[in-house]
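In: When you get a sec, could you give me coordinates for this:
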Amino acid sequence: MRFTPNPFFGSLLLIIGTSIGGGILALPIVVSGLNLYCIFALLTVIWFVMTLNALYLVELTTHFPHKANLITMVKATLGRSATFCTWLFYLCLLYTLIASYLMAGSDLAGGLLHRFSIESPAWLNTIAFLTFFLAIFYHGTRYVDWANRLFMLVKFSSFFILLLCLIPSASLSTVNVGENTINPITAIMPIALSFGFALIVPSLNNYLKSYQKLRLVTFIGSLLPLIIYGLWIIDIHANLSHEELSQLAKSSQVISSFAAIVATKFQVKGAAYALHLFLSIAITTSFLGVSLSFLDFLTDGLKLKEKQPSEKNIPILTLVLGFLPPLLVVLFKPDIFIDTLKFAGSLCVILLVLLPTLMIGSACYFKGIIRKKPFYCHPALLVLNIITGFLLLYLASKDFLGC
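Out: As a prediction, the model looks like this:
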């Protein structure tokens with residue numbers, strides 16, 4: 001008997017894996033100057049905003065034909081000018097993110113080969129990392145689901161091992177419950193990026209083929225990262241002092257320095273290995289989710305779905321267009337992304353907050369696409385969400401310009 005995977009469970013893991021990437025390591029550092037109450041208030045409010053806009057995408061995707069993605073929805077609700085801007089913003093954001101994942105993947109592949117006493121050049125590591133995942137992406141969402149399940153099993157295991165290993169050295173006296181020593185505004189954008197899973201919603205709609213399941217999996221999938229982030233921040237703040245976290249924030253190699261300091265707190269043999277394993281898997285699961293959403297976006301935007309050889313496979317041209325540009329940048333000009341990664345915050349706000357709100361407003365109240373409106377599509381909430389989006393965009397632009 002052939003075993004068929006449960007799409008609901010797989011979709012849930014894809015959302016969690018896309019949300020919880022390498023950014024989880026930066027969160028305790030970014031919020032280190034805030035008291036615990038302020039941290040949880042920010043996490044909850046930003047989670048609400050990002051999840052609300054993900055639910056807007058759920059409503060939109062289920063009112064369009066099968067395999068419709070962002071471009072089809074933007075064109076139908078906001079017109080050609082908005083479609084052009086969406087193409088521009090989406091390509092800039094996703095090429096930047098994929099290039100950063102390829103650079104991280106190159107380091108992972110090099111480190112793995114080094115454990116077997118094999119030394120290889122960086123360009124070969126990058127190609128090896130990408131080739132492995134291309135074979136998965138080509139076969140479509142089901143294969144990505146299976147790969148993500150395996151990685152998430154390892155990811156959850158290593159994560160909870162880390163939490164348990166840090167408990168013996170934890171001290172609640174190091175957790176700040178007093179005054180804030182930094183401006184809370186500086187932590188908003190990194191937290192928002194940590195809940196940036198909404199772009200994968202159209203891909204999950206194609207996979208689940210059920211409005212009720214998609215809405216439920218979106219809500220649960222966003223709620224679990226909120227809980228995990230809270231536990232992780234408390235555990236790290238109970239182990240590292242404010243001074244240690246402040247020094248990490250000033251380090252030029254934040255992630256490696258963070259891993260080194262945390263490793264010194266372990267009192268269990270093998271816990272350091274679990275830490276490095278978690279770092280590696282966190283990158284790969286985010287890479288899977290982000291890349292899948294991008295490939296489906298290109299397939300829909302360029303109308304390549306009509307030319308693909310199989311309903312389940314992703315067209316080869318989509319793979320070439322999706323990965324060749326960032327691969328060339330990583331191979332020939334990797335340092336170009338050091339500054340442009342800061343720009344990702346602004347692009348995420350446009351694509352994950354403002355765009356879904358404007359589309360759902362148009363679909364509900366101007367185009368008549370959505371006639372049975374859920375309670376969270378109330379006009380007052382849409383206006384409030386637009387104001388929030390422009391506020392976030394203003395804060396993100398200030399961070400990018402260094403103001």
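
In: which residues does residue 359 contact?
Out: 56, 60, 73-74, 77-78 (C-beta atoms under 8 Å, 6 or more residues apart in numbering). Placement of C-beta: from N, CA and C, glycine included.

In: May I ask which helix or strand encompasses it?
Out: For residue 359, the enclosing helix or strand under DSSP states H and E is helix 355-365.

In: Can you identify the element that follows that helix toward the C-terminus?
Out: helix 379-401.

In: so what secondary structure elements neighbour that next one?
Out: Identification of packing neighbours for helix 379-401 by 3 or more C-beta pairs under 8 Å, 6 or more residues apart in numbering; DSSP states H and E yields helix 36-61, helix 188-194, helix 337-349, helix 355-365.

In: picking that back up, just the closest of the contacts of residue 359 to residue 389, please.
Out: For the contacts of residue 359, the residue nearest residue 389 by C-beta to C-beta is residue 56; the value is 11.6 Å.

In: Now do the same for the residue lying closest to residue 60 once chain neighbours are set aside: its pLDDT.
Out: Of all residues beyond its chain neighbours, the one nearest residue 60 is residue 73 (5.1 Å), with distances taken as C-beta to C-beta, 6 or more residues apart in numbering. Residue 73 is assigned 93 on the pLDDT scale.

In: Let me know the angle separating the helix holding residue 359 from helix 36-61.
Out: Put simply, helix 355-365 runs at 50 degrees to helix 36-61, going by axes from the mean of the first three to the mean of the last three C-alpha atoms, to 10 degrees.

In: Buried residues, helix 355-365. List them.
Out: When neighbours are counted by 16 or more other C-beta atoms under 10 Å, the buried residues of helix 355-365 are found to be 355-364.

In: Among the helices and strands packed on helix 379-401, show the one with the smallest mean pLDDT.
Out: In terms of mean pLDDT, the lowest-scoring of the helices and strands packed on helix 379-401 is helix 337-349 (a mean of 66).

In: C-terminal to the one helix or strand residue 287 maps to, what's the next element?
Out: Assigned by DSSP H and E, residue 287 belongs to helix 271-301. For helix 271-301, the succeeding helix or strand toward the C-terminus, using DSSP H and E, is helix 316-332.

In: now the angle between helix 271-301 and that next one, please.
Out: Using the same axes, to 10 degrees: helix 316-332 against helix 271-301 is 130 degrees.

In: Okay, buried residues for helix 316-332 please.
Out: For helix 316-332, the neighbour count (16+ other C-beta under 10 Å) marks 318-319, 321-323, 326-327, 329-330 as buried.

In: so for that helix, what's the average pLDDT?
Out: pLDDT averaged over helix 316-332 gives 90.

In: Can you pull out the low-pLDDT segments for the stretch 1-150 of the chain?
Out: 1-5, 22-23, 111-112, 115 (pLDDT under 70).

In: and the angle from the helix or strand hosting residue 222 to helix 36-61?
Out: Residue 222 is part of helix 211-237, with elements assigned from DSSP H and E. Helix 211-237 and helix 36-61 are oriented at 160 degrees to each other (the same axes, to 10 degrees).

In: I'd like the helices and strands packed on helix 379-401 laid out as JSON lines, including distance to residue 236.
Out: What follows is these, written out as JSON lines (distance: least, C-beta to C-beta, whole Å):
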{"stretch": "helix 36-61", "distance to residue 236": "11"}
{"stretch": "helix 188-194", "distance to residue 236": "14"}
{"stretch": "helix 337-349", "distance to residue 236": "22"}
{"stretch": "helix 355-365", "distance to residue 236": "32"}
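
In: wait, which of those is closest to residue 217?
Out: With C-beta to C-beta, the closest approach to residue 217 among the helices and strands packed on helix 379-401 belongs to helix 36-61: 9.2 Å.
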